[in-house]
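Novice: here is my input; please provide its structure:
(chains A, B, C and D)
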Number of protein chains: 4
Amino acid sequence: MFQVRTDLALETREKFEEDNVEVKGVRLEEEQATPEIHISSVIIETENGAKVMGRPKGNYVTLEASNMTEEDEGYHREISVQLSKVLKRLLPQKQDFTTLVVGLGNRAVTPDSLGPRVVDNLCITRHIIKEFGKYVIGDNCQKSVSSIVPGVMAQTGIESMEIVRGIIKETAPDVVIAVDALAARSTRRLNRTIQITDTGITPGSGVGNHRHALNCESMGIPVIAIGIPTVVDAATIVVDTMNHLLDAMSQVEQVYRIGRSYEKLDMVEKYDLIHELLIPQLNTLYVTPKDVDEAVKRLSFTVSEGINIALQKEC
Amino acid sequence: MFQVRTDLALETREKFEEDNVEVKGVRLEEEQATPEIHISSVIIETENGAKVMGRPKGNYVTLEASNMTEEDEGYHREISVQLSKVLKRLLPQKQDFTTLVVGLGNRAVTPDSLGPRVVDNLCITRHIIKEFGKYVIGDNCQKSVSSIVPGVMAQTGIESMEIVRGIIKETAPDVVIAVDALAARSTRRLNRTIQITDTGITPGSGVGNHRHALNCESMGIPVIAIGIPTVVDAATIVVDTMNHLLDAMSQVEQVYRIGRSYEKLDMVEKYDLIHELLIPQLNTLYVTPKDVDEAVKRLSFTVSEGINIALQKEC
Amino acid sequence: MFQVRTDLALETREKFEEDNVEVKGVRLEEEQATPEIHISSVIIETENGAKVMGRPKGNYVTLEASNMTEEDEGYHREISVQLSKVLKRLLPQKQDFTTLVVGLGNRAVTPDSLGPRVVDNLCITRHIIKEFGKYVIGDNCQKSVSSIVPGVMAQTGIESMEIVRGIIKETAPDVVIAVDALAARSTRRLNRTIQITDTGITPGSGVGNHRHALNCESMGIPVIAIGIPTVVDAATIVVDTMNHLLDAMSQVEQVYRIGRSYEKLDMVEKYDLIHELLIPQLNTLYVTPKDVDEAVKRLSFTVSEGINIALQKEC
Amino acid sequence: MFQVRTDLALETREKFEEDNVEVKGVRLEEEQATPEIHISSVIIETENGAKVMGRPKGNYVTLEASNMTEEDEGYHREISVQLSKVLKRLLPQKQDFTTLVVGLGNRAVTPDSLGPRVVDNLCITRHIIKEFGKYVIGDNCQKSVSSIVPGVMAQTGIESMEIVRGIIKETAPDVVIAVDALAARSTRRLNRTIQITDTGITPGSGVGNHRHALNCESMGIPVIAIGIPTVVDAATIVVDTMNHLLDAMSQVEQVYRIGRSYEKLDMVEKYDLIHELLIPQLNTLYVTPKDVDEAVKRLSFTVSEGINIALQKEC
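Specialist: Below is the predicted model of the structure:
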């Protein structure tokens, strides 16, 4: 069947639900964290679940807040707090560990700049702790945090994943947190959803379409990925609207026959037809909200602060 | 009829041609300037032509070069030279005049940053000529050039046009050149087309959708606008693909009836249907090429250099 | 006498104090606003005072906080609150007025980027109030605020003051707040002092050395200037250290004669000597702290927030 | 003796010349490459020479052009060509090798942004050659080039040198070219001099004061460093001017005794005196030209193009 791309596990699962397909080995948990913030966890438990979902086994936590892009006094600290709680569940369960935060994406392309911008606002401590010991930072009880913005391959000639692996070998962190801008299926979710997963970054994901995995297997240490959808693939828009249109048409008596005939099209033919028409002109395009600049600016603060809170020691 | 938005007069005219509608009062001239560069001039000569085209009377010159976004040793100087020739035809026909270049758009949103970036690379001379006289600049024989990047209303609280009018009153230039990123209808034209017009900026045009006119009428002096399409409205993508799809379907025997029925739909109903479906979800989105950052960077050099050449005195 | 430049009225006054010169027509008031924040007001009351101080009559309030550049949870809100109190004393004493905030300086040169960065974080409301009326903004009871970053003359060819005057004519605000980076005399004050004055911007002041006044006389409406010293003139460093050196030398028995002879130098000769030696090589240089990037980033938040608080209506 | 810091080997050598000290094991070669461009090579040949010069053994080539910061049609291609010739002499003497270019420094602090900006304009080919083979790039016969901007420790928590070493291990280039902004002794050399050395980056050098070496010993492969002085240590300015002043004074009959007494001061005392006075207040400051933004922008193009030319294969 024709599948428009999404980086959100929650959207993949919803699609199966819409189609009344039951997926074994995938569990869903829901929680209303605050009146505004809804948290869903998609847990892929079996290899079969992973195969059907097209994603590795693991936890995919989605934090949704309809008011996330609205302005408040700055950056929605309450969302940062919830994000930090999710992170703490996925981070190593010991009192002290060292973290490398990786800001993936292209700082110069607004919808792809989430990762670099999050890194800009992090509380970086590795160099201070290395030089003065951990007692100087005082009340904050901060763990050792370092960061890297690997840049884009057109600029460096090097895969982001190669850069990160080199730095992991050199600095030996206990865990990586990778931040990246994602593509969603639904425009409604743009800039309103944070996905946190312990499965790392999958090839083909992200606005910049990573070509290699950044995960526990490729890096040798746990990789937690935080992503926010900032674009929708152009193909999504077409398929969505076309479906809306045909739905509407099938309800209009006058065009009664159109809807039915379309449905009768053999699935494979339908896929081939759309695929052939869409791919050549759409795969170098993306769709993004007009207010993406303000939204990414605010969201990057929210995420930075969530990471900052999660990496303070309880003392 | 349902009309997807374009800021290119050439595309509007092409649409009528496709539909076999003859538009009186609109003349088209074509010229192959170099093997690579094609120049088309749409001249709207009458009020009737203006009404049908949905644009003011005047000249709309379109410079197309398929290789415009390809890398060469920098920025395609041959396109700058052609641009400067078109500009010289539209600029005041006297030996000396003063120019204010206005860089419209939002520097922080890549596809909307063409105007500010063009201004970055201009050869600015007004302050030097004012202080030392025009003989100091020497061999270049440069005319007086000043510039302004008015910024976006969300940041200033002031319409770009108010800012420009204030500066015109204060500094009294003879002519304004306004540079802006545009929306095209065809994704094929993205970053490959430069439109130069002596009608200025029209309300509703540009990636940022200007709300007021910047033209001779509103400013009191001639306004030449230079624009390059860097985005396509999300609605365009949908309508285009849908049309392709229905075309293809109508050729498939099996779906023979669909195409025909769709055509039979009353035009008004069709418009209402699409309008209703598209507007709510699409009007805050735009579609842009994934390599928009590199493209805008290179194009802004091409345009700056075109303006720089055009504003040197012949001596 | 040789006078190294300072943009801080407080430093000029201190100099007279050091030299035991009493200046008539200049009053000093001091206040310890909080344990950390000290506020001094230099009030130039007479034309004679203005002449001696080399500054127009008016209020020069200096807010000093030794911890201003130290990191806290963000940006020292307590300083913003004190700044807003000073601003409210100088702003129009009526319930409603419209403000244009001008961010002077060069965004691309770190120590000169304070003005543009402050504007980035302002709460801009003019366009919203103009479109929807003042009741939509709700609980914040915000007054109408607009802003402009006029840029630098090398980029625009236009004096900042011409741009601002044009926009004032077009948009008719009741008051201007101009924000600018300053030069101090003492390196100890760099990034630790905020000067707020109701006399506007004086020619020759600012890191970029403004060539024209931005004040009530030139603009026709009150102009309040907010400045923070981010650089010291290179000449200052030399004179300071030389004085320290000669002081120290005069205390060393072995060099007893040097100090005395230097003091014996006729003042005019001394001035001529230093002036001749310093000016050619130093007047295109400035001195700035190595951490200026972080400092300006933090300080611009502090100032923005101070302005934001001051321009909320009490309701 | 009191030694003000310089990153230019040429200036260290000049100092010895001024003081009539002959340094064994250090050779100087001079060449007037073009009427405008002067090239000096300081070759440190022995361990003794290295000790006296305070620098590792190796070649230090200095390219000086008084018109380097003046505007021409862009970026002084003739300087890029000379730079490429020097580079070719120091790069591996085989037909094909792979290069990693490292842009050291802080992009956000103008005088320290040379390295990152040079990388922005490089012709990066590693990813293309890796994917398509070396024949796709065509006429340019480009060698494999990759790049990294490691950022500053305050932002990453990681030493630049650790990041570079990690990436070298992962991507195995044959040679590193490191680009960095330097500190000079003479303000006359600011933005007018390029130093190219095969000894890499030494601890304590650069505007940002690197704490670890980036050289053949620490990296395991040859490291060529390209640097341009963009700042002068504040201490330099003081000592220079003081020396000028005392010179001038000693020629004035009236102050005849001052100059002589100063000279009589025991060297150690003199050093202690100045050191004690200068260090506390000056070591967090630097001096930079007011036009540093334009200068660094232009120079980074000149250097990028020099590297680009040097890394094209002859074919």
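Novice: which residue is nearest the centroid of chain A?
Specialist: By C-alpha atoms, centre = their mean, the mean C-alpha position of chain A lies nearest to A:Gly227, the distance being 2.6 Å.
Novice: torsion angles phi and psi at the residue nearest to it when sequence neighbours are not counted?
Specialist: Using C-beta to C-beta, 6 or more residues apart in numbering or on different chains and skipping residues adjacent in sequence, the residue nearest A:Gly227 is A:Leu182, 4.1 Å away. All C-beta spots, glycine's among them, are computed from the backbone N, C-alpha and C. With angles defined as degrees, to the nearest 10, A:Leu182 sits at phi -120, psi 170.
Novice: element containing A:Ile167?
Specialist: With secondary structure defined by DSSP states H and E, A:Ile167 is part of helix A:160-171.
Novice: what sits against the nearest residue to A:Ile39 once chain neighbours are set aside?
Specialist: Distances taken as C-beta to C-beta, 6+ apart place A:Glu31 nearest to A:Ile39, at 4.6 Å, with adjacent residues excluded. Contacts for A:Glu31 were tallied using C-beta atoms under 8 Å, 6 or more residues apart in numbering or on different chains; they are A:38-41.
Novice: so what pLDDT did A:Glu31 get?
Specialist: pLDDT, A:Glu31: 94.
Novice: that one in helix, strand or coil?
Specialist: Assigned state for A:Glu31: strand (three-state reduction, DSSP: H, G, I helix; E, B strand; the rest coil).
Novice: from A:Ala9, how far off is it?
Specialist: 16 Å (C-beta to C-beta, to the nearest Å).
Novice: check which helix or strand the spatially closest residue to A:Val109 that is not a sequence neighbour maps to.
Specialist: In this structure, A:Val109 finds its nearest non-sequential neighbour in B:Asp293, 4.8 Å apart by C-beta to C-beta, 6+ apart. Assigned by DSSP H and E, B:Asp293 falls within helix B:292-310.
Novice: doesn't A:Val101 belong to a helix?
Specialist: No. Going by three-state DSSP, the assignment for A:Val101 is strand, not a helix.
Novice: give the burial count for it, as a bare number.
Specialist: 27 (other C-beta atoms under 10 Å in any protein chain shown).
Novice: assign the residue nearest to it when sequence neighbours are not counted to helix, strand or coil.
Specialist: Nearest residue to A:Val101, sequence neighbours excluded (C-beta to C-beta, 6+ apart): A:Ser147, at 4.4 Å. Under three-state DSSP, A:Ser147 falls in the strand class.
Novice: for A:Cys123, see how far away A:Ser147 is.
Specialist: A:Ser147 is 10 Å from A:Cys123, by C-beta to C-beta.
Novice: neighbour count for the two, which is higher?
Specialist: Neighbours were tallied for A:Ser147 and for A:Cys123 using other C-beta under 10 Å; the higher tally belongs to A:Ser147 (26 against 19).
Novice: follow-up on the earlier one: tell me the mean pLDDT over the helix holding B:Asp293?
Specialist: Taken as a whole, helix B:292-310 has an average pLDDT of 88.
Novice: what's it packed up against?
Specialist: helix B:77-90, helix B:114-120, strand B:175-184, strand B:223-233 (3 or more C-beta pairs under 8 Å, 6 or more residues apart in numbering or on different chains; DSSP states H and E).
Novice: now render these as TSV, adding distance to B:Ala154 and mean pLDDT.
Specialist: Listed next are the helices and strands packed on helix B:292-310 as TSV, based on distance: least, C-beta to C-beta, whole Å; pLDDT from 0 to 100:
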stretch	distance to B:Ala154	mean pLDDT
helix B:77-90	31	93
helix B:114-120	15	94
strand B:175-184	16	95
strand B:223-233	18	93
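Novice: worst-scoring helix or strand of chain A, pLDDT-wise?
Specialist: helix A:256-264 (a mean of 46; mean pLDDT, DSSP states H and E).
Novice: A:Ile128 and C:Asn308, how far apart?
Specialist: Applying C-beta to C-beta, the value for A:Ile128 to C:Asn308 is 32 Å.
Novice: again with A:Val81
Specialist: Taken as C-beta to C-beta, the span from A:Val81 to C:Asn308 is 24 Å.
Novice: neighbour-wise, which of those two wins?
Specialist: A count of neighbours by other C-beta under 10 Å puts C:Asn308 above the other of A:Val81 and C:Asn308, at 19 against 16.
Novice: which residues are in contact with the more buried one?
Specialist: Contact analysis of C:Asn308 by C-beta under 8 Å, 6+ apart lists C:80, C:121-123.
Novice: repeat that with 6 Å
Specialist: C:Cys123 (C-beta atoms under 6 Å, 6 or more residues apart in numbering or on different chains).
Novice: can you tell me the number of residues neighbouring the nearest residue to A:Gly49 once chain neighbours are set aside?
Specialist: Leaving aside its sequence neighbours, A:Gly49 sits nearest to A:Gly25 (C-beta to C-beta, 6+ apart; 2.9 Å). Neighbours of A:Gly25 under the rule other C-beta under 10 Å: 16.
Novice: quick check: phi and psi at A:Gly25.
Specialist: A:Gly25 has phi and psi values of phi 80, psi 10 when expressed as degrees, to the nearest 10.
Novice: rewinding a little: the contacts of A:Glu31 in helices, which ones?
Specialist: Counting by DSSP state H, no part of the contacts of A:Glu31 is found in helices.
Novice: now, the most widely separated pair of those?
Specialist: Greatest spacing in the contacts of A:Glu31, by C-beta to C-beta: A:His38 and A:Ser41 (11.2 Å).
Novice: tell me who's in contact with the nearest residue to A:Glu170 once chain neighbours are set aside.
Specialist: Of all residues not flanking A:Glu170 in the chain, D:Gly166 sits nearest, at 3.6 Å (C-beta to C-beta, 6+ apart). By C-beta under 6 Å, 6+ apart, D:Gly166 lies in contact with A:166-167, A:169-170.
Novice: selection in ChimeraX covering whichever of those residues are buried, please.
Specialist: A single ChimeraX command selects the buried members of the contacts of D:Gly166 (16 or more other C-beta atoms under 10 Å in any protein chain shown):
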select /A:166,167,170
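Novice: which pair of the contacts of D:Gly166 spans the longest distance?
Specialist: Pairwise distances across the contacts of D:Gly166 (C-beta to C-beta) peak at 7.3 Å, for the pair A:Ile167 and A:Lys169.
Novice: for the contacts of D:Gly166, which one is nearest chain C?
Specialist: A:Ile167 (23.2 Å; C-beta to the nearest C-beta).
Novice: contacting residues for the closest one?
Specialist: With contacts defined as C-beta under 6 Å, 6+ apart, A:Ile167 is in contact with A:148, D:163, D:166.
Novice: ok, which residues in the stretch 101-250 of chain A are in contact with chain D?
Specialist: With C-beta under 6 Å from any C-beta of the partner chain as the criterion, the stretch 101-250 of chain A meets chain D at residues A:124, A:126-127, A:146-148, A:153, A:156-158, A:162-163, A:165-167, A:169-171.
Novice: buried only: go through these for me.
Specialist: A:124, A:126-127, A:146-148, A:153, A:156-158, A:162-163, A:165-167, A:170-171.
Novice: gap between A:Glu47 and A:Lys57?
Specialist: A:Glu47 is 7 Å from A:Lys57, where distance means C-beta to C-beta.
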